Structures are given as structure tokens and as C-alpha cells.
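K.L.:
when you get a sec, could you give me coordinates for this:
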Amino acid sequence: MSPMASEGPIECSVITPEREVLSAKVASVVFTAHDGQMGVLKNRAPFLGELGTGVLRVTQPSGSSSEFFVDRGFAHVHDNHVTILTEHSAAVGELSRTDAQAELAAAERMPAKGEAAAEVRRRAIQNARIKITLARK
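P.N.:
Purely as a prediction, here's the structure:
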């Protein structure tokens, strides 16, 4: 028996204010934390941390994987359950390069007067660029 097979699945939920994006039993989860990438396998110690903006990758027990865009939030790992609470999320297959390019153009036109407005503009540009990188169509 392979080591992965003996590990067994973990539960993974990805939740935004609008909807539950994912609820599945998976072999592993890798997400973008605010300070780098983090991976979770079965029986990981409890964890609560801040998400960054980037990719969340879940690997199924079969070995296939799925990727999701996530935009900040929190990751909670406890008792073989990973909960991702994020402002925005979408399966990479749902992302459109054309839409992301339009988002980037709109973000670049945003006013940046004042520190708060500059931060909103910076985040919008960053999100659009990540979506452009992830979009396959």
C-alpha cells in the first residue's frame, strides 16, 4: 500500500460571502498564505492563518488536482478539515483571460489619490494579473 493511500482523505471547504465554492474529500491542499505557500495533509497540527491572493490547489485521492483563485481571507485547519474563508474565489476553469484583461484595464484607470485609494487600486491590479496568469482561455 502506498503512503498516500494509508493517509486517507481530508475535508476541504472553500467559502466566500456569496457561496460555497468547494466541499470535497481530498488528499492534500496547498494554498497561498500571506507569507508563502502552505501544504496540508491528513493529521496536520491545527492551524489558523491569513491567506494571500493566489492559487489554492486540491489534490483528489485519485491523484487528479483542481485549482482555484482565492483573494485573501483565512485558512483554518483542525481535525482533518481545511476551511478556507475568502473574499473571492473561482475555479481556474471558470476564469476568462479576456475578462481578467478587462479587469486589469479598469483597475489601472482607478484613481490613486490617497493611501487607501492607492491600496485598493494596487490590490485590484494584483488580482487581475493573477487571474490573467491562471486563466486558460
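
K.L.:
in this structure F31 contacts L51, no?
P.N.:
Yes. Here F31 lies in contact with L51, judged by Cβ atoms under 8 Å, at a distance of 6.4 Å. All C-beta atoms are positioned from the backbone trio N, CA, C, and that covers glycine.

K.L.:
overlap in contacts, these two.
P.N.:
Common neighbours of F31 and L51 (criterion: Cβ atoms under 8 Å, 6 or more residues apart in numbering): 70, 75, 84.

K.L.:
which residues sit against the helix of greatest length in the chain?
P.N.:
With DSSP state H setting the assignment, residue counts place helix 115-134 as the longest helix in the chain. With contact meaning Cβ under 8 Å, 6+ apart, helix 115-134 is reached by 53-55, 67, 69, 71, 88, 92, 95, 97, 99-101, 103-104, 106-108, 110-112.

K.L.:
among those residues, name the buried ones.
P.N.:
53-55, 67, 69, 71, 88, 92, 95, 100, 103-104, 107 (16 or more other Cβ atoms under 10 Å).

K.L.:
and these, which is closest to G8?
P.N.:
For the buried ones among the contacts of helix 115-134, the residue nearest G8 by Cβ to Cβ is E67; the value is 22.5 Å.

K.L.:
residues in contact with the nearest residue to D35 once chain neighbours are set aside?
P.N.:
Of all residues not flanking D35 in the chain, G52 sits nearest, at 7.5 Å (Cβ to Cβ, 6 or more residues apart in numbering). Neighbour list for G52: 32-35, 72 [criterion: Cβ under 8 Å, 6+ apart].

K.L.:
which element, helix or strand, includes G52?
P.N.:
Assigning secondary structure by DSSP states H and E places G52 in strand 47-59.

K.L.:
taking helix 115-134 as reference, get the angle to that strand.
P.N.:
Inter-element angle recorded for strand 47-59 and helix 115-134: 30 degrees (by axes from the mean of the first three to the mean of the last three Cα atoms, to 10 degrees).
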